[in-house]
Every structure is written in C-alpha cells, then in structure tokens.
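A.B. asks: need a 3D model of the following:
(chains A and B)
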Amino acid sequence: MDALTRAAVAGTSRETPSASGLPTDGLLGSAKGKSLERNLLLRAGMRTVYRTAGRVAESGIEAPQSAPDETIPACSAKAAELLGRLLVDQRTTILLEALERLRLAGLRLPHALLPGALNVEQEELRPAVAAVLGERGRWLARLNPEWVWAVGDEGDLRDVWDEGALKERTSMLRRVRERDPALGREWLSETWRQEKADARSAMLEAFEENLSPEDEPFL
Amino acid sequence: MLERGERVDDSWIVLGQRTEEEGHLTVRRTWLLGEDTRRYALVLQFTAAGSPFAEGFVSGMTWRGEIAFYPGAYPLRAVVRARSGDGDRFEGLPGHETVEAFLDHTSKATALLSWLERLPAALIGVVPLLDGAPEGGRWLIRDRAGQALPLAGGDHWTLLSMSGGRPVDLAAEWNGEGLIPLGVAAAGTYRILAQEG
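C.D. replies: As a prediction, this is how the structure comes out:
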C-alpha cells in the first residue's frame, strides 16, 4: 500500500501523506482551501490524471513469427457465414458433411472462423477440421496447447516440448503421457538434468498421468 | 445545447459498437472516425430494455454526413444531423500510424478533459500477439517501431487468426489500461470483434 492509500484508509488525522514526488506536487500550492482531506483528494486526482496522461508504450516485446502464405483459397463469404453458424450451433452431422465438402472442393476455412473450428467439442469433428485449416490454422493451432491435436504429429509435439514455455511444455508432457506414457518418460529423462528446480516440480506433476511401476526406475 | 455545438461534415467510418445494460436502460456506444478530418466521435443511444434503437449503424461501413458535437473541453459525444445512404465499405482506416502517436493523442485528450473513461483508438499496421502461453500469457499489439500496448477484455484468438502475425488495422476502445477491440481490418475485409471471454 502506498503512502496516499494508507493515509486515505487510516484517516488524515492519523497519517499525513508525504509528498508523492510527482511533478504535479507543485500544483497543490495553487489550490484553494487547505484542509487535509481536500489535500488528499487533490493528490489522488492529480496522480490519476498524471498516470493516465503519461502512459508510455512497452518496448522489448518481440515480433511474433508470421504465418506462411496460404496455398489454397478460402471458401466464399456465403459459405463462411453458413459454416460460422454451424460452428456456433455445433451441429455435428451437418458440420461433418460441410467440412468434408470444403476439403473435396480444395478450399480452406476463412481465418475468422479458425478459433471456433479449433474449439469444436466433438472429437469426431477434429479430423475434418484439421483437413481444412490451411496454413493459418496450423500456425494458430501451434500457439495454443489445447489445439495441438490439429497439428499433432509427433514431430510437432516434440517441437513444443523442446522449445515451448514451461506451461506449454508441462501441458504437452501431460498429453503425451495420456497417449504414450513410455514416450513421455523418455522425453523427460532426456532433459531432466538440464531442467531447473521449478520446472522439475511442474513436470513431475504432469508426469502423474498414467503413472505405473514402469516409471519407478526413472523416479 | 446542440445549437452551439460544432458541426462537422465528413465521411464517417463506423468503427464499432458496444452495447451495455444499465439498470432498465440499454446503452449503446457507437464510435465514428472521420475520413478527412480524422476526428473521432461517439454517438450514445439509450432505449428502455427491449425496444429497438431509433437509428442504426453498421460497423465497418462509411457514410457521408454532418454530425454535431456536444460542446465541451474535448468534444467527443455527437449526434448525427444528416446522413446520406447506408454507405459503402471503407478503404483503410485513417488511424494512428504508431503507438506513440496514439498515446500522444490520448495525453492531449486527457489534458483537456481528465474525466474521460474511454477513448476510441484506430491503429494502423499493428501486429496482435500473445506473449507467453495462453494461460498466464499477455495479449498485446505491437507497431512497426516495436512499441506495444496491452489488449484487454478476454482472449483475442479471432484477432490473432485474422492477422497471422502480420500487421492489421485495429479499431478499439482504450480504457487507459488496455485496448478492447471493436473491429479489425485485414486483407481487405473488416470484421467486427465481439467482446470475447
């Protein structure tokens, strides 16, 4: 809690806020009425405006890697509208057919529909979705561990494991353990020596998935 | 009051809308941007819950017309005096080229009127990105000069998908902390971004 908030909570009779150190302090002198309460409220107001008006941009954020160019065209705007509605309603049977037709026509989903398509709940729709994602969809799916099924050959999973942030890596490990516990154990034992302590404990948690006696030597 | 207000004739781009329930009232904010004057304007509409708004605006469209600003230290709220047609799709947002230019604009507006809760923002050529994993990561936009501002209001997968890591034009509301997207212009199409999350 900073000095100003402390004074506001405790009451001005108990605690007088010290100067904030902001350039706005000088303005107080010109204010009429010198009660402590008024002084405190003026300070709070000045600080808020000072912060809002003096907002600066962040730097040091790296540009993301852009998606490769598409190699096939998107479906028409009309088809996109229809597909958008089907995705919202999650009409499995019709969606399956629509996605299949899209694939047969050599078309892909438009970019705006990709998050909705990647979020389909029914597992049976996933292969049909994966077939019409286009380059953009595969690019997008790599950014969200929940969508790894869409790009999930072993090489892709391995990429996330090798290069991802800690959260991505642990979620990836959990997924691999679900599917193939031995492969997960192999991955973790390969990198174990280089992992930091906090990474290790997060990974062991993910390792719980499908725990078996076969894991004993490693553990 | 409006008799004294400044009148501006321009091609007005409808950047986007936000509708909120306030008790028994439905409040709709429609944000406009003048193609030639580069002036932002806010049309506030109120209805009793359920009944339709008297005047409709279509996001991503532009129409020629005259609006009158309410007088004020930083005139933003306006009413439409005359407009012709429902308009055409606009070509390119006449927005801020850099994050710095936008912040400069908000500083000036705040200096004139410190009670502004939100300001519109049209930003040209910014790249939306997710810094970190979806869980616990931060959503940002980054301009060509590498300056970044946070996005607010949930997740932004549609915006990310539309951009594909390339620059897009973004219309948003700025609440002093982050940008809440209204719409995005990418590859020649304007898409309304519903408030997600």
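A.B. asks: domain-wise, how is chain B divided?
C.D. replies: Domain assignment for chain B by automatic domain parsing gives B:7-89, B:99-192.
A.B. asks: most tightly surrounded among those domains?
C.D. replies: Among the domains of chain B, domain B:99-192 has the highest mean neighbour count (mean count of other C-beta atoms under 10 Å in any protein chain shown), at a mean of 19. Using the backbone N, CA and C atoms, a C-beta is placed for each residue, glycine as well.
A.B. asks: start and end of that domain, how far apart?
C.D. replies: Domain B:99-192 has an end-to-end distance of 21 Å (C-alpha to C-alpha, to the nearest Å).
A.B. asks: rewinding a little: now for the domains of chain B, which one comes closest to A:Ser13?
C.D. replies: domain B:99-192 (28.5 Å; C-beta to C-beta).
A.B. asks: and the closest one, is it in reach of chain A?
C.D. replies: Yes: legend: contact between domain B:99-192 and chain A by C-beta under 8 Å from any C-beta of the partner chain is shown at B:99-100, B:103, B:106-107, B:110-111, B:114, B:127, B:129-136, B:140, B:142, B:146-150, B:157-158, B:160-162, B:164-166, B:176, B:186-187, B:191.
A.B. asks: where exactly do the helices run in chain B?
C.D. replies: B:99-112, B:157-163 (DSSP state H).
A.B. asks: between those, which gets nearest to B:Ala122?
C.D. replies: B:Ala122 sits nearest to helix B:99-112 of all these, at 8.5 Å, using C-beta to C-beta.
A.B. asks: show me the contact partners of stretch B:106-123.
C.D. replies: By C-beta atoms under 8 Å, 6 or more residues apart in numbering or on different chains, the surrounding residues in contact with stretch B:106-123 are A:45, A:48-49, A:52-55, B:15, B:31, B:33, B:40, B:42, B:72-74, B:76, B:93-96, B:99, B:102, B:141, B:143, B:169-176, B:179, B:182.
A.B. asks: contact partners for residue 129?
C.D. replies: No chain specified, so I'll use chain A. A:Val129 makes contacts with A:Leu99, A:Leu109, A:Ala117, A:Leu118, A:Val120, A:Ala150, as judged by C-beta under 8 Å, 6+ apart.
A.B. asks: hmm, I had chain B in mind actually
C.D. replies: A:Ile61, A:Ala63, A:Pro64, B:Trp139, B:Leu140, B:Ile141, B:Arg142, B:Leu160, B:Gly165.
A.B. asks: quick check: the fourth one touching B:Gly153?
C.D. replies: To tie it back to what came earlier, the one meant is B:Trp139. No: under the criterion of C-beta atoms under 8 Å, B:Trp139 makes no contact with B:Gly153, lying 9.1 Å away.
A.B. asks: what's near enough to touch the residue nearest the centre of chain A?
C.D. replies: In chain A, the residue lying closest to the centroid (C-alpha atoms, centre = their mean) is A:Asn144, at 6.9 Å. If you count contacts by C-beta under 8 Å, 6+ apart, A:Asn144 has them with A:Leu118, B:Pro134, B:Trp157.
A.B. asks: who's in contact with the helix or strand harbouring A:Trp161?
C.D. replies: Assessed by DSSP states H and E, A:Trp161 sits inside helix A:154-163. Residues external to helix A:154-163 that are found in contact with it (C-beta under 8 Å, 6+ apart): A:Arg142, A:Pro145, A:Val148, A:Glu168, A:Arg169, A:Met172, A:Leu173, A:Arg175, A:Val176, A:Leu183, A:Trp187.
A.B. asks: just the buried residues of those residues.
C.D. replies: Among those, those buried by neighbour count (16 or more other C-beta atoms under 10 Å in any protein chain shown) are A:Arg142, A:Pro145, A:Val148, A:Glu168, A:Arg169, A:Met172, A:Leu173, A:Arg175, A:Val176, A:Trp187.
A.B. asks: what score does the third one have for pLDDT?
C.D. replies: In other words, A:Val148. A:Val148 carries a pLDDT value of 83.
A.B. asks: my guess is it meets A:Ala130, correct?
C.D. replies: No: under the criterion of C-beta under 8 Å, A:Val148 makes no contact with A:Ala130, lying 11.1 Å away.
A.B. asks: per-residue confidence at the residue nearest to the centre of chain A?
C.D. replies: 91.
A.B. asks: again, but for B:Gly85
C.D. replies: 72.
A.B. asks: I'd say it and B:Met61 touch.
C.D. replies: No: shown here, B:Gly85 and B:Met61 do not form a contact pair, counting by C-beta under 8 Å, at 9.5 Å.
A.B. asks: how about B:Arg83: what's its closest non-neighbour residue?
C.D. replies: Once flanking residues are discounted, B:Arg83 sits nearest to B:Gly65: 3.1 Å by C-beta to C-beta, 6 or more residues apart in numbering or on different chains.
A.B. asks: what's the closest non-adjacent residue to A:Ala80?
C.D. replies: A:Pro110 (4.6 Å).
A.B. asks: and what of A:Val151?
C.D. replies: A:Val151's closest residue in space is A:Ala141 (C-beta to C-beta, 6+ apart), at 4.8 Å.
A.B. asks: that neighbour touches A:Trp147, doesn't it?
C.D. replies: Yes: here A:Ala141 reaches A:Trp147: they are 3.9 Å apart, a contact under C-beta under 8 Å.
A.B. asks: what lines up beside the lowest-mean-pLDDT helix or strand in chain B in the sheet?
C.D. replies: Within chain B, no helix or strand scores below strand B:78-89, which has a mean of 85 by mean pLDDT, DSSP states H and E. Here strand B:78-89 has these sheet partners by DSSP bridges: strand B:61-69 (antiparallel).
A.B. asks: contact partners of the strand it pairs with?
C.D. replies: B:2, B:5-14, B:32, B:35, B:41, B:43, B:75-90.
A.B. asks: try 7 Å
C.D. replies: For strand B:61-69, contacts defined as C-beta atoms under 7 Å, 6 or more residues apart in numbering or on different chains pick out B:2, B:5-9, B:11-14, B:35, B:41, B:75, B:78-90.
A.B. asks: do the same with stretch A:72-87
C.D. replies: By C-beta under 7 Å, 6+ apart, stretch A:72-87 touches A:94-95, A:98, A:102, A:106-110, A:113, A:116-117, A:134.
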